[in-house]
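Colleague: Here is a sequence with its predicted model. Questions after.
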Amino acid sequence: MKKLIGSDTLQIESHRAGIHPCGHERLLFVSKCPGCTRDQPQNGFSRSALQRLLDGGYPIEAYCVICDEFWPVSLWQRLTLAERLLSA
């Protein structure tokens, strides 16, 4: 079952995006590229990696395959990710 939390800049799916080589579940979220304004899937983060980044106050960077650019997710996106991690 997919549940999307969305706005014009962020969506989070509740299903697994896959498994990292080290065995950690990856989470999928979609972030809008500020350059081309296309929704870009972000599935390279494990649940534990996102939690460490959020807990430590470190930036979470999204990536656009079309523009080949990175951008930090916004404070609102960080809060939404944190809420989703807590509810899962």
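Modeller: Noted; the coordinates are in hand.
Colleague: so who does Ala62 touch?
Modeller: Under the criterion of CB atoms under 8 Å, 6 or more residues apart in numbering, the neighbours of Ala62 are 31, 33, 40, 42, 70-73. The way it works is simple: take the backbone N, C-alpha and C, and place the C-beta from them, glycine included.
Colleague: what's the neighbour count on the residue nearest to it when sequence neighbours are not counted?
Modeller: Nearest residue to Ala62 in three dimensions, chain neighbours excluded: Ser31, at 4.0 Å (CB to CB, 6 or more residues apart in numbering). One way to gauge burial is a neighbour count; for Ser31, by other CB atoms under 10 Å, it gives 24.
Colleague: beta partners of the residue nearest in space to the middle of the chain?
Modeller: Averaging the C-alpha coordinates of the chain gives a centre point, and the residue nearest to it by CA atoms, centre = their mean is Phe29 (3.9 Å). Partner residues in beta bridges with Phe29: Ile12, Gln42, with DSSP bridges as the criterion.
Colleague: Surely it is in contact with Arg78?
Modeller: No - with the criterion set as CB atoms under 8 Å, Phe29 and Arg78 do not qualify as a contacting pair; they are 11.0 Å apart.
Colleague: The protein: strands as residue ranges?
Modeller: Using DSSP state E, the strands of the chain run over 4-6, 10-19, 25-32, 39-46, 61-64, 69-72.
Colleague: Quickly, which of those bottoms out on average pLDDT?
Modeller: Of all these, strand 4-6 carries the lowest average pLDDT, namely a mean of 40.
Colleague: So among the contacts of Ala62, which ones count as buried?
Modeller: Using 16 or more other CB atoms under 10 Å as the burial test, the contacts of Ala62 include 31, 33, 40, 42, 71, 73 as buried.
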